[in-house]
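Q: Sequence and predicted structure below; questions after.
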Amino acid sequence: MVSKAKKTTALLLAALMCAGAFAGCSGNGSNTNSTASGTTSTASGPSAESGSTDAAAPTTEQMVAKIKEEASANGGKVEIKVWAPGGDKNFVKAALNGDKDKNGAYDFTGKGFKDIYKADGVTYDFKVVEVGENDAVGKLTEDPTKAADVFQFPTDTLLRAQQAKAIAEVPSLLQGQIKSENMEKAVEATQIDGKIYAYPMTSDNGYILFYDKATFSEDDVKTFEGLLDKAKEKGATVLMSIDNAWYNAGFFYAAGCDIKLDTSTNKMTLEKFSGDEGVKAVNAMKSLVDNYQNVFIGTGDDAAIATRLADGKLKAVVTGTWNTTNLQNTWGADNVGAAKLPTVKMGGTDTQVHSFGGYKLIGVNSQSKYPNTSAIIASYLTGKDVQEQRYKGRNLIPTNKELRESDEVKSNPIVEAIDAQQEFAHSQSVCTQAFWEPIASIGTDLNNGNLKSDDDIKKALETQVKSVENA
């Protein structure tokens, strides 16, 4: 842990020692030109390609000196607020303070941030606040001066944070390390026009099918119809929240629809959603609702999943890795199966259901009072050693290439399922806030029995597509 921290520290200090490395990367430049392919930032300071790696490697003591500089302006205190979702809150606290999980899931004793960056005369005060990853950028952009210094968020909200100039660009020399240590697609997810604005954390921001192997076979879960037929036979239920656009979008993509975003205007185009393809997608979902009543559950957030698991009937669910521990505790660790999403009948043809897929990232507030320390924390929390403990203790899949290539991770059936679904996964970075509620309402109408004919479906789609595109 310490050797990796020293390597990260060296790169970070080199970036800090470059004139204006942090100030220039704060995202507060005066000109930002948007294009259809992305946002072109003309803020001053080094870009991802411009950093030199010729600077002599500094010592840990030199980095501590940089932290002391920030602390000296606040009476020797470094007060950092970190936003983390509920499931990660205790993990982040332990990593920063050098603590361990009471059940032994992870242990940062002697290896926490405070241990590695111990500094005479400096008192660290970490405040870890529960804020969901999906909510983080929204809260950040409301008022960056009152937001967290360090925050976790999904890839689809990066553009919003960058356009609001609320997220600090990663120091140029650290960008090289991010590129060399993480999966290529994860690095791409942190970039806007070649500049890196975030630190890759996990590679599992998507969803697959989890199932109880005591109830279903591998053949059963290949198709939704086969899965639901077996569930009906066994008196079990299957859950997929089609009243959530993050999930039901996979049916539209499978039918041949597409989503485009013009980042110069933040306007979305929903291609073919209100055409025959969109109708086909909705009919595929409708068949699951109509033909498998009391077997297919078309609604339910994480709390509802937990409740249904406790009831004992839920034996398969489309969700993400964050629910793995709950599934293991209910079905038994050896009984938790994972697979790419099943196929579904569309116009009589077995069609692979698509999905959204992406990454979880850590960002630094451009208005942080402690930009140096915040950058070090973000790097520490996404470094190899912390990613490894996050994987072992939280079942969250790393972006670090070395870890991804390890036998332990490669042989994990959940990782295999995520990788199999990756071929059919789409970036949600093309979706603005205007997308989610209107498209979710299609699933709600299906669950409530409001869409009885193709005409009903087409009218509903036309209304909701207009709502999205005219927002």
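A: Thanks, I have the structure now.
Q: Could you use CA atoms for every contact and neighbour count after this?
A: Noted.
Q: and for whichever strand or helix holds E79, what are the contacting residues?
A: In the assignment (DSSP states H and E), E79 maps to strand 77-84. Outside of strand 77-84, the residues that reach it under the criterion C-alpha atoms under 8 Å, 6 or more residues apart in numbering are 70-71, 92, 122-133, 136, 147-152, 370, 374.
Q: Just the buried residues of those residues.
A: 70-71, 92, 122-124, 126, 128-133, 136, 147-152, 370, 374 (16 or more other C-alpha atoms under 10 Å).
Q: Which of these fall within helices?
A: Among the buried ones among the contacts of strand 77-84, the residues falling in helices (DSSP state H) are 70-71, 92, 133, 136, 374.
Q: Now render the residues you listed as TSV, adding distance to G312 and pLDDT.
A: TSV is the format used below for these (distance: C-alpha to C-alpha, whole Å; pLDDT from 0 to 100):
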residue	distance to G312	pLDDT
E70	53	93
A71	53	95
V92	32	98
E133	29	94
A136	34	97
S374	44	94
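Q: Can you tell me which of the residues you listed comes closest to A440?
A: When these are compared for distance to A440 (C-alpha to C-alpha), E133 wins out at 19.4 Å.
Q: how close does the closest one sit to N205?
A: Here E133 is placed at a distance of 11 Å from N205 (C-alpha to C-alpha, to the nearest Å).
Q: now swap in K179 and tell me
A: On the measure of C-alpha to C-alpha, K179 and N205 end up 19 Å apart.
Q: picking up where we left off before, export the strand holding E79 to PDB, keeping only CA atoms.
A: Listed next in PDB are the C-alpha coordinates belonging to strand 77-84 (Å, rounded to 0.1, in the frame of the first residue of the first chain):
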ATOM      1  CA  LYS A  77      -6.400  21.700  10.100                       C
ATOM      2  CA  VAL A  78      -7.400  20.000   6.900                       C
ATOM      3  CA  GLU A  79     -11.100  19.800   6.800                       C
ATOM      4  CA  ILE A  80     -12.400  17.600   3.900                       C
ATOM      5  CA  LYS A  81     -16.000  16.700   3.200                       C
ATOM      6  CA  VAL A  82     -16.500  13.600   1.100                       C
ATOM      7  CA  TRP A  83     -19.800  12.500  -0.400                       C
ATOM      8  CA  ALA A  84     -20.400   8.700  -0.700                       C
END
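Q: all strands of the stretch 101-250 of the chain, in order?
A: In the stretch 101-250 of the chain, strands defined by DSSP state E, counting those that start in this stretch lie at 123-130, 150-154, 191-192, 195-196, 199-202, 208-212, 237-239, listed in chain order.
Q: And for the stretch 351-471 of the chain?
A: Going by DSSP E, counting those that start in this stretch, the stretch 351-471 of the chain shows strands at 355-356, 360-364, 425-426.
Q: could you give the mean pLDDT of the last one?
A: For strand 425-426, the mean pLDDT works out to 94.
Q: Each with direction, which strands does that strand pair with?
A: Strands adjacent to strand 425-426 in the sheet, as given by DSSP bridges, are strand 355-356 (parallel).
Q: now what about the strand it pairs with, what contacts it?
A: The contact list for strand 355-356, computed with C-alpha under 8 Å, 6+ apart, reads 206-207, 246-247, 249-251, 253, 421, 424-428.
Q: I figured G347 hits V279, correct?
A: No - in this structure G347 lies outside contact range of V279 using C-alpha atoms under 8 Å: 10.3 Å.
Q: Of these two, which one has the most company?
A: Neighbour totals were compared for G347 and V279, and V279 leads with 23 against 12 (other C-alpha atoms under 10 Å).
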